[in-house]
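**Student:** One predicted model, sequence on top.
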Amino acid sequence: MSERGFQPRALGEIAIRCADMRAMVEFYEDVIGLVRLTGDHNSAITFFRIAEGFGGHTQVLALFHYTADPRPGLHPTGDNTPVTGAKSSLHHIALSLPFDEQEAVMHWYDKIGQPYRVEQFGWIGWRGIFTEDPEGNTVELVAYNPSMLDQA
C-alpha cells in the first residue's frame, strides 16, 4: 500500500452506452451468457452479473441506452448515437473464464455463426477469444494457462 492509503481491489462495473438495447441485451445474455440482474431490452438501463466482486459489490456489465439520463449532469447523454468500433474510446472489454471452457466458447460461436478470432499472449500466459457485440464493441473471453507462458 502506498502513501495514498488505498488500493482498488476489483473491477466494479463496466458501463456501455448503447443505441440498440434489444440487440445488446440479447447478445450479452444469449451469446455471452451473462445473467441479467435487472432491466430488459425495453429498459433505459440493464444490468448483468459478471462475477462475485469485492466487498459486497458484484461485478456487473451495465448497458445504458444513450438517451438515458439517470443523474443529470453526471453522465453523457444526447441525441447522437454512441461511437463504436475503431472510433470509440473503448478498446475492448475482457471477461475471464477457466481455460478449459474456451473450447466450449469456440464451439458455441461456431454453432451460432458468431465470428471470432483467437490470440495468445505468451508474456503473461493468456489466450483470448475475441468477438464483437452488435454495436461493434470488441468483447474478449480470456483465460490463463501456465503452459502458454513464453519459455524465454
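**Tutor:** Everything's here; your move.

**Student:** how deep is A62 tucked in, by neighbour count?
**Tutor:** Neighbours of A62 under the rule other C-beta atoms under 10 Å: 17. The way it works is simple: take the backbone N, C-alpha and C, and place the C-beta from them, glycine included.

**Student:** can you check I124 too?
**Tutor:** By other C-beta under 10 Å, 11 other residues sit near I124.

**Student:** That one looks like it's in a helix, true?
**Tutor:** No - assessed with DSSP: H, G, I helix; E, B strand; the rest coil, I124 is coil; it does not lie in a helix.

**Student:** Look up how far P146 lies from it.
**Tutor:** For I124, the distance to P146 (C-beta to C-beta, to the nearest Å) stands at 10 Å.

**Student:** in the longest helix seen in the chain, what's buried?
**Tutor:** With secondary structure taken from DSSP state H, the chain has its longest helix at helix 102-112. For helix 102-112, a neighbour-count test (16 or more other C-beta atoms under 10 Å) marks 102, 105, 109 as buried.

**Student:** residues making contact with whatever helix or strand comes next after it?
**Tutor:** Next along the chain after helix 102-112, taking DSSP states H and E as the criterion, comes strand 117-121. With C-beta atoms under 8 Å, 6 or more residues apart in numbering as the test, strand 117-121 has contacts from 106, 126-130, 148.
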